[in-house]
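A.B. asks: structure, please.
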Amino acid sequence: MSPVPANTLTEATTAIEDVSSRIEDVFARVGQQLGRGHLIFKELNQGLATLSGELSGAEIEGAATALQEIAARLSELAQALPAESALLETIGKSTAEASSLLKPLFKHIGMITIIARSARIEAASLDGDREGFLAFTQEAYDLGRAVQRSIEGCARDQQRLSEAVATASGRQKEFESRYRAQLVSESAELGAAYSGLRDQRSKSSHLADRASASTRKIAEAVGSAIISLQAGDSTRQRLEHVSHGLGLASESAPSLVPETVPSDDGVGAICRLQAAQLRDAQREFGGDVGQIVGALTAILHDAGVVGHGRTLFGGEEGGSSSFLTRIKQTLAHASTLIATCESAGRSVDEALAIVEDTLTKFRQAIAGLAEATVDITLIGMNAGLKASHLGSRGSAFVVIANELKATADQVSAGAGRLRPVLDGIERSANELKELRVQGDPTQLAKLEPQILQALREVEAGNERLGKLMSRLVDEGAEFERLMNSAQGLMTRLGESSAALPAVATRLETASAGAQRLQPELRDQAILDDLFARYTMERERDVHREFLQAVGLKSIAATRRVEAVETADDGIELF
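C.D. replies: Below you'll find the predicted structure:
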């Protein structure tokens with residue numbers, strides 16, 4: 001029987017070694033790429049986990065709360081404006097009413113001084129106790145003049161009050177008409193920003209969790225694919241064993257230690273055995289390559305986590321910065337409005353201060369007026385009684401004294417009418433003061449550090465998030481490139497290994513000279529040596545099946561089966 005042609009063995013060995021070297025190169029490169037991809041997503045997963053905690057942390061919640069508080073304050077200020085304007089208008093009307101009540105008081109107090117002068121003239125003409133009557137009239141005159149000066153001071157204060165209230169009321173109405181709508185609008189904007197920030201925080205935290213889950217899943221899948229690369233080393237070893245077997249079937253090269261040369265039937269048996277091993281190795285390797293390519297395809301599909309990176313914290317690209325820009329603009333408008341409110345409120349505060357000062361002076365003047373009118377009334381009554389004792393000579397003085405008392409009564413009644421008006425002004429001023437405390441622009445101005453802190457917190461969080469998302473996008477894109485490259489390498493390797501069955505067919509064809517092989521003892525030894533070199537159970541199974549198919553037996557294979565059956569621990573090598 002003629003041995004297998006040498007060129008057939010050489011070509012087969014060359015083809016097998018080419019595929020083997022490709023496997024070693026491709027699996028090494030794919031392993032590096034998968035290792036890099038595994039590291040990328042392991043680090044990203046850690047970063048996303050940290051980010052998720054930040055998004056649900058106190059910093060952004062503090063910023064959102066600050067926005068809500070500022071929005072509420074602006075809303076309160078806007079709501080208080082109409083009430084403040086109404087109270088200023090009421091104070092203005094009450095001030096005008098007080099002014100109208102002061103005018104008759106001037107007249108009556110002027111009458112007291114005139115009557116007191118008339119009484120003095122009349123007292124000078126009286127005989128008997130002239131000095132006493134002159135003293136009475138002088139005292140009444142002095143009291144009248146003192147009250148007159150007090151009321152004149154009230155009139156000046158009232159005029160100053162009227163002007164201040166009118167100025168404050170005008171400015172308040174102008175401010176209300178120009179800025180109330182803006183206050184309401186800015187309050188709504190900040191309220192929306194508060195809701196948007198909370199919603200965005202919730203959405204971002206959710207997306208970060210999703211991205212983290214995706215990266216964890218990808219990292220696990222990549223780790224699994226790395227383990228699957230062991231199939232490459234297994235196949236490479238099997239191909240090395242096939243090449244070794246074909247080397248035994250070829251003509252031996254010159255050597256100082258001649259090796260056992262198989263017979264022609266032994267060569268045929270070895271070639272057919274290696275063809276069977278080659279077919280089985282390629283079939284398993286093709287399945288492994290298919291699994292790895294499928295895993296890479298699935299990983300690339302899951303790598304949509306990159307898209308999560310673009311949607312995190314702001315939706316579209318640049319959405320986050322535009323969102324923060326809108327918040328900053330709104331806060332800037334609010335800060336401007338707060339400063340404008342403070343400027344406009346100064347006139348109200350000044351008016352309130354004047355009201356408080358004027359009311360104090362008015363009440364002091366009215367108290368003095370009440371005492372003075374009582375004294376003037378008593379003076380008039382005493383002078384009238386004393387003059388009545390003079391008979392007809394004192395009748396004119398009695399009339400004057402009665403006039404003095406009547407005028408004093410009118411002054412007292414006028415003061416009585418002024419008192420409730422002043423009480424009304426005080427009540428309105430107190431209500432206005434309470435409103436000013438609740439919506440005090442200076443209190444809003446104190447929120448500016450809180451506004452700036454809120455912005456800093458949001459911007460700092462967004463900066464960290466932006467960096468991580470940029471990294472997620474960039475490294476995710478790198479990962480996609482790595483996986484695409486690995487997928488391409490594995491696909492081309494699979495196509496290259498598809499040539500192995502053709503090599504097996506050529507070996508079978510070349511060794512098909514005899515239907516039944518009859519190897520010699522030396523061939524049996526060579527087959528046993530091949531069996532002993534196997535490192536995978538699958539190789540041994542193929543060896544046994546081949547021997548059984550061609551009617552051959554191997555003592556080593558039989559012993560190996562017995563040994564495995566005796567010491568089986570349930571674990572297969574591959």
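A.B. asks: all helices of the stretch 401-550 of the chain, in order?
C.D. replies: For the stretch 401-550 of the chain, the helices defined by DSSP state H, counting those that start in this stretch occupy 441-445, 448-497, 500-510, 521-533, 537-550.
A.B. asks: now find how far off-centre the longest one is within its chain.
C.D. replies: Which is helix 448-497. Relative to its parent chain, helix 448-497 has a centroid offset of 19 Å by CA atoms, centre = their mean, to the nearest Å.
A.B. asks: what's the closest of the helices of the stretch 401-550 of the chain to Ala83?
C.D. replies: With respect to Ala83, and counting by CB to CB, the nearest of the helices of the stretch 401-550 of the chain is helix 441-445 at 15.4 Å. Where you see a C-beta, it was placed from the backbone N, CA and C, and this is true even at glycine.
A.B. asks: quick one: residues contacting Val26.
C.D. replies: Gly232, Leu489, Met490, Arg492, Leu493 (CB atoms under 8 Å, 6 or more residues apart in numbering).
A.B. asks: 6 Å - rerun?
C.D. replies: Each residue near Val26 by CB atoms under 6 Å, 6 or more residues apart in numbering is listed here: Leu489, Leu493.
A.B. asks: separation between it and Ala66?
C.D. replies: Remark: distance between Val26 and Ala66 (CB to CB, to the nearest Å) = 58 Å.
A.B. asks: ok, now Leu102?
C.D. replies: Distance of Leu102 to Ala66, computed by CB to CB: 51 Å.
A.B. asks: same drill for these two, tell me which one is more crowded.
C.D. replies: Set Leu102 next to Ala66 and count neighbours by other CB atoms under 10 Å: Ala66 wins out with 24 against 20.
A.B. asks: how far away is that one from Tyr194?
C.D. replies: Taken as CB to CB, the span from Ala66 to Tyr194 is 9 Å.
A.B. asks: next: Ser150.
C.D. replies: Counting by CB to CB, the gap from Ser150 to Tyr194 is 56 Å.
A.B. asks: got it, and Gly153?
C.D. replies: 53 Å.
A.B. asks: neighbour-wise, which of the two wins?
C.D. replies: Between Gly153 and Tyr194, Tyr194 has the larger neighbour count (other CB under 10 Å), namely 21 against 14.
A.B. asks: got the angle between whichever strand or helix holds that one and helix 448-497?
C.D. replies: For Tyr194, the host element (DSSP states H and E) is helix 130-228. Orientation note: helix 130-228 sits at an angle of 10 degrees relative to helix 448-497 (axes from the mean of the first three to the mean of the last three CA atoms, to 10 degrees).
A.B. asks: mind giving me the packing neighbours of the following helix or strand past helix 130-228?
C.D. replies: Following helix 130-228 in sequence order, the next helix or strand is helix 230-249 (DSSP H and E). Under the contact definition 3 or more CB pairs under 6 Å, 6 or more residues apart in numbering; DSSP states H and E, helix 230-249 sits against helix 6-55, helix 264-302, helix 521-533.
A.B. asks: so which of those helices is the most surrounded?
C.D. replies: helix 264-302 (a mean of 21; mean count of other CB atoms under 10 Å).
A.B. asks: check which helices and strands it sits against.
C.D. replies: helix 130-228, helix 230-249, helix 448-497, helix 500-510, helix 537-550.
A.B. asks: go again with 7 Å.
C.D. replies: Contacts defined by 3 or more CB pairs under 7 Å, 6 or more residues apart in numbering; DSSP states H and E place helix 264-302 against helix 130-228, helix 230-249, helix 448-497, helix 500-510, helix 521-533, helix 537-550.
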